[in-house]
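J.: no sequence for this one, just the structure:
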């Protein structure tokens, strides 16, 4: 339910998100995941995608699709953190259509932190741990 | 300039709009064009993309790129109509970053109206003419 | 491994599949899944996306990312069916870079068949069952 | 016509290239442009998008849409150079469906070369001039 998530971002749909079945294509749901997670990191964890030394790379994602989404609905994407590990962060994500309380989709999104240059695994940086503290459940 | 456009839609950028050069890829600018034009038609001209008998198909688009756009900037997409013909509509589109007055990009977007089933050219419907009247310059 | 999959489609990467980290964005992997599954259904199961009465809607997808993909690599997308149920089909998908034997990504993709108009669940049609018979493991 | 172009790349369509009108969305045509131009530069002009000092940024694109494209058609994208200036290159691009001789779309694509770091305009590098020599008409 919407109240179970900790941080939200409104994401308006775009015309071309849709496919010939007249609804948002399943692939686009993951672009909403990617957008809400990175937007939170930029606004609250000091991520500068062009420069930050430690970046989160995606190692696993998953989505259950419960309701169709159609343009021009706006999605409210909510996130919470279910595991904050040594080098990885596991998010749960809920996508809610307009003002609805039950989700159109539920997702899982796992970041592993690596050094931008070497791609070696590193510890989740403190700036990220601080930013995620309020999202952990 | 921003004041030259008649109807605006805020379009937040998404993480994956960007390419390896660290800015929004040129292709995505056209998805902003497509979104602002269709959103206006849905909200003001009664377009139901799944059912309306006469639909606008794109026959020409063009874009000049003046400034780079980066996530998470929000684009304000403005439109105006420079030609409202018998069967076609020509829009000019300006993309403005956040609160800027001068455009990041200027575009041209031409719709020809066709019958959804036969794809034969038809007259621009009155519901569209009425909706566009205030946008013509 | 590559030999565990039953049907393959080469999918060349595109420049804009990539994101600012200089590799194919995680979201695009799912567009490769969507493309290989639908291409198989069109070529072997008589799917006509504009007309077929029973269509597969995606209810769950999942992906593990093992290796980065960069433009202009070509992906060889392999599929097999691990569950052919009454109304659903569960695919496993492997994405292989160029001629590699071990996958860059492994995915799961679940279709539920519905009536195009009513969106009511229907039995997986025989034309689909016949086409998938050789992919079941 | 197809014979007027100098270098070709086959680009298979993807399921999600399509929109609710059951054809490839107009925006995607530009991703085919972007892909054929960059693929040529990588294969023939030594472009390494992650490292090359001088990169081409897009300052103008344009497209005329003549025929609808539908999945799973393969596009043959052809390019030629109509202006090789001091710091800019202007391409014409033709998109041909499968084996057709007349184009589904004709495009214009203008690159300006800049220094990756400063974004200052630079001269088109000799490695690019050499690679484009055979494409100039």
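T.: Now that the structure is in, tell me what you want to look at. Computed from a prediction, not measured in an experiment: that's the story for all the values here. Numbers count the residues shown, from 1 in each chain, chains lettered A, B, ... in the order given.
J.: what residues does chain A put near chain D?
T.: Counting by C-beta under 8 Å from any C-beta of the partner chain, chain A comes close to chain D at A:15, A:16, A:18, A:19, A:20, A:22, A:25, A:27, A:28. Every C-beta, even on glycine, is put in place using the N, C-alpha and C of the backbone.
J.: and of these, the nearest to residue B:123?
T.: For the residues of chain A next to chain D, the residue nearest residue B:123 by C-beta to C-beta is residue A:15; the value is 23.3 Å.
J.: ok, back up a step: check the residues of chain A next to chain D against chain B, which are close?
T.: Taking C-beta under 8 Å from any C-beta as the test, chain B is in contact with A:15, A:16, A:18, A:22 out of those.
J.: identify the farthest-apart pair in those residues.
T.: Pairwise distances across those (C-beta to C-beta) peak at 12.9 Å, for the pair A:16 and A:22.
J.: which residue sits farthest out from the middle of chain A?
T.: Largest separation from the mean C-alpha position in chain A: residue A:20, at 25.8 Å (C-alpha atoms, centre = their mean).
J.: now do the contacts for that one.
T.: Shown in contact with residue A:20 (C-beta atoms under 8 Å, 6 or more residues apart in numbering or on different chains): C:49, C:50, D:18, D:19, D:20, D:21, D:22.
J.: so can I have JSON lines of the ones next to chain B among the residues of chain A next to chain D showing distance to residue D:73 and pLDDT?
T.: What follows is these, written out as JSON lines (distance: C-beta to C-beta, whole Å; pLDDT from 0 to 100):
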{"residue": "A:15", "distance to residue D:73": "21", "pLDDT": "96"}
{"residue": "A:16", "distance to residue D:73": "18", "pLDDT": "95"}
{"residue": "A:18", "distance to residue D:73": "20", "pLDDT": "96"}
{"residue": "A:22", "distance to residue D:73": "21", "pLDDT": "91"}
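J.: got TSV for those, with secondary structure, distance to chain C and neighbour count too?
T.: Below are those laid out as TSV (DSSP: H, G, I helix; E, B strand; the rest coil; distance: C-beta to the nearest C-beta, whole Å; neighbours: other C-beta atoms under 10 Å in any protein chain shown):
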residue	secondary structure	distance to chain C	neighbour count
A:15	helix	17	24
A:16	helix	13	25
A:18	strand	13	25
A:22	coil	10	17
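J.: from those, pick the one nearest residue C:101.
T.: Ranked by distance to residue C:101 (C-beta to C-beta), those are led by residue A:16 at 35.9 Å.
J.: model confidence score at residue A:50, please.
T.: On pLDDT, residue A:50 comes in at 88.
J.: can you classify it as helix, strand or coil?
T.: With DSSP: H, G, I helix; E, B strand; the rest coil as the basis, residue A:50 sits in coil.
J.: what about it, distance to residue B:32?
T.: 22 Å (C-beta to C-beta, to the nearest Å).
J.: so which bits of stretch A:111-129 are buried?
T.: A:111, A:112, A:113, A:114, A:116, A:122, A:124, A:125, A:128 (16 or more other C-beta atoms under 10 Å in any protein chain shown).
J.: hmm, which of these is lowest in pLDDT?
T.: Minimum pLDDT across these falls on residue A:116, with 92.
J.: of residue A:50 and residue B:32, who's got more company?
T.: Neighbours per residue (other C-beta atoms under 10 Å in any protein chain shown) separate residue A:50 from residue B:32, with residue B:32 holding more: 26 against 12.
J.: quick one, what contacts that one?
T.: Contact analysis of residue B:32 by C-beta under 8 Å, 6+ apart lists A:14, B:11, B:75, B:77, B:93, B:95.
J.: for residue A:136, same thing?
T.: A:80, A:81, A:82, A:84.
J.: list buried members of those residues by neighbour count.
T.: A:80, A:81, A:84.
J.: how far away is the last one from residue A:20?
T.: When C-beta to C-beta is the yardstick, residue A:84 and residue A:20 sit 41 Å from each other.
J.: sorry, back to before: format the buried residues of stretch A:111-129 as JSON lines; extra columns: secondary structure.
T.: Shown next, in JSON lines, are the buried residues of stretch A:111-129 (three-state DSSP):
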{"residue": "A:111", "secondary structure": "strand"}
{"residue": "A:112", "secondary structure": "strand"}
{"residue": "A:113", "secondary structure": "strand"}
{"residue": "A:114", "secondary structure": "strand"}
{"residue": "A:116", "secondary structure": "coil"}
{"residue": "A:122", "secondary structure": "coil"}
{"residue": "A:124", "secondary structure": "coil"}
{"residue": "A:125", "secondary structure": "coil"}
{"residue": "A:128", "secondary structure": "helix"}
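J.: want to throw the ones next to chain B among the residues of chain A next to chain D into TSV with distance to residue C:65?
T.: Converted to TSV, those look like this (distance: C-beta to C-beta, whole Å):
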residue	distance to residue C:65
A:15	29
A:16	25
A:18	26
A:22	30
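J.: right, I'll call it a day here.
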